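>>> build me a model from this:
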Amino acid sequence: MSISFVVAMGDLSLRKADVDEKRAKVQKDSKALLEYTRKAIAKLNDLKKTFIKFDNEIDVHVAQVEHWQRNMTIMDSKERQYILQLNNYKALLNRVGYTSEINHGVLMEMAEHKKDLEKKTKPILDTLRSYQDLPPDKALAALAIEDKKRQYAAAEKYLEEVLHSALTTPEL
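Take a look at the predicted model:
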């Protein structure tokens, strides 16, 4: 055997070992790529299922969004209405002189004070009402007062007569 044959066999053995090593590496890479591809295909199938699920739910979600938009439109109009009412009430409170110092306690004190004033003024008002039927002229008023005095005197005289006759009448 010749040296060149041994060298060629050694070279062939080295090439075969190199090819075997490369083939093992390619098989390993191929298996890893195959596993990665299987996982990617499984993930793709999951994503397709999720897409189909969401695609089927689109109409429901679109209807819900439209419902929310209608509600938001209604809420916006209600908000504008309430703001307008609030401004109107504030303007009304300003017109009637409301201040923040007015509170329940102050109003209760004012109500008690009003009741006290009504109790004090009631007799005066009753007296004044008796003079309401007097004529506006001072002279006529004086005549009306004199007339009332005569009526009062006549009533007293009548009362005295009734009492006197009751006292003088013998009991039955």
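
>>> what about the helices in the chain?
Secondary structure of the chain by DSSP state H: the helices cover 3-95, 104-130, 138-168.

>>> gap between Leu47 and Ile41?
Remark: distance between Leu47 and Ile41 (C-beta to C-beta, to the nearest Å) = 11 Å. Bear in mind the C-beta positions are built from the backbone N, C-alpha and C, glycine included.

>>> circling back to that earlier point, make TSV from the helices of the chain and add mean neighbour count and mean pLDDT to it.
Listed next are the helices of the chain as TSV, based on neighbours: other C-beta atoms under 10 Å; pLDDT from 0 to 100:
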stretch	mean neighbour count	mean pLDDT
helix 3-95	10	91
helix 104-130	10	84
helix 138-168	10	84
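
>>> could you measure from the residue most central in space within the chain over to Ser100?
With distances taken as C-alpha atoms, centre = their mean, the residue of the chain nearest its centroid is Tyr82 (9.4 Å). Taking C-beta to C-beta as the measure, Tyr82 and Ser100 are separated by 21 Å.

>>> ditto for Glu79
From Glu79 over to Ser100 the distance is 25 Å, taken as C-beta to C-beta.

>>> now do Asp126
Plainly put, Asp126 is 40 Å away from Ser100 if you go by C-beta to C-beta.

>>> Glu146 now?
Computed with C-beta to C-beta, the distance linking Glu146 and Ser100 is 58 Å.

>>> same check, this time on Glu66
45 Å.

>>> and Val106, by the same measure?
Applying C-beta to C-beta, one obtains 11 Å for the distance of Val106 from Ser100.

>>> again, but for Ser130
Relative to Ser100, Ser130 is positioned 45 Å away (criterion: C-beta to C-beta).

>>> then Met75?
As defined by C-beta to C-beta, Met75 lies at a distance of 30 Å from Ser100.

>>> do the same with Leu92
15 Å.

>>> cool, and Ser30?
Distance, Ser30 to Ser100, using C-beta to C-beta: 84 Å.

>>> and for Glu112?
Distance, Glu112 to Ser100, using C-beta to C-beta: 22 Å.

>>> do the same with Ala111
The spacing between Ala111 and Ser100, counted by C-beta to C-beta, is 19 Å.
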